[in-house]
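Enquirer: Dropping the sequence and predicted coords here.
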Amino acid sequence: MKIVFATANPNKVREINSILGDAVEIVGLKDIGCTEDIPETQPTIQGNALQKARYVKEKYGYDCFAEDTGLEIDALNGEPGVFTARYAGAAKDANANMAKAIKELSDKTDRGAQFRTVIALILNGEERVFEGICRGKIGHEKVGEKGFGYDPIFIPDGFTTTFAQMDAAAKNVISHRGKATELLKAFLAQLT
């Protein structure tokens, strides 16, 4: 099965490909000639995932899936949430985003947080949504060189290391994106 993954982020493509394996052939946006920024104007993570998938289906005609991920920090009332990538500004600078999160938590004792990923699939004229959540906490400083985004400051529950200290295979087993992708994989497996 061949399907379009509506993202321009090569890190996300790599993660999802490693989970899906040979079950699905992933085609990226560049492969279908989509070079524009796909709108993400919805007030929720699920809304943004659906918006991106619908955009590709309507504009390019391909069955596809899209995902959106948010970091929800308990003591910050769920921030940055839907604004995770742009938390410190439109530049989507991961280091600035992490610095802002650490600063906002500097006087807080509750460092609980969760990553939430929603994958929206449009296949054969039907929409389906798969969600994965990973609970954890925000560290006091960046640790680790692997991963991307907020990985150097997110410590998943049951671990003493950040996502950025884990190899991809270990992270994919417990991560929000890994859990959502496993649900997608199980659904697609029923169709083949």
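Expert: Structure received. Residues are numbered from 1 along each chain as shown.

Enquirer: From the contact counts, what lies against the one helix or strand in the chain whose mean pLDDT sits lowest?
Expert: Across the helices and strands of the chain, mean pLDDT, DSSP states H and E gives its lowest value to helix 10-20, namely a mean of 80. Packing contacts for helix 10-20, counted by 3 or more C-beta pairs under 8 Å, 6 or more residues apart in numbering; DSSP states H and E, involve strand 2-5, strand 25-27, helix 168-174, helix 176-191. For glycine as for every other residue, the C-beta is placed from the backbone atoms N, C-alpha and C.

Enquirer: In a markdown table, list these along with mean neighbour count, distance to Glu104 and mean pLDDT.
Expert: Rendered in a markdown table, the data for those read as follows (neighbours: other C-beta atoms under 10 Å; distance: least, C-beta to C-beta, whole Å; pLDDT from 0 to 100):
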| stretch | mean neighbour count | distance to Glu104 | mean pLDDT |
| --- | --- | --- | --- |
| strand 2-5 | 19 | 32 | 89 |
| strand 25-27 | 14 | 35 | 85 |
| helix 168-174 | 16 | 25 | 90 |
| helix 176-191 | 18 | 21 | 91 |
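
Enquirer: With distance to Leu76 as added columns, please give these in JSON lines.
Expert: Shown next, in JSON lines, are those (distance: least, C-beta to C-beta, whole Å):
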{"stretch": "strand 2-5", "distance to Leu76": "30"}
{"stretch": "strand 25-27", "distance to Leu76": "34"}
{"stretch": "helix 168-174", "distance to Leu76": "23"}
{"stretch": "helix 176-191", "distance to Leu76": "18"}
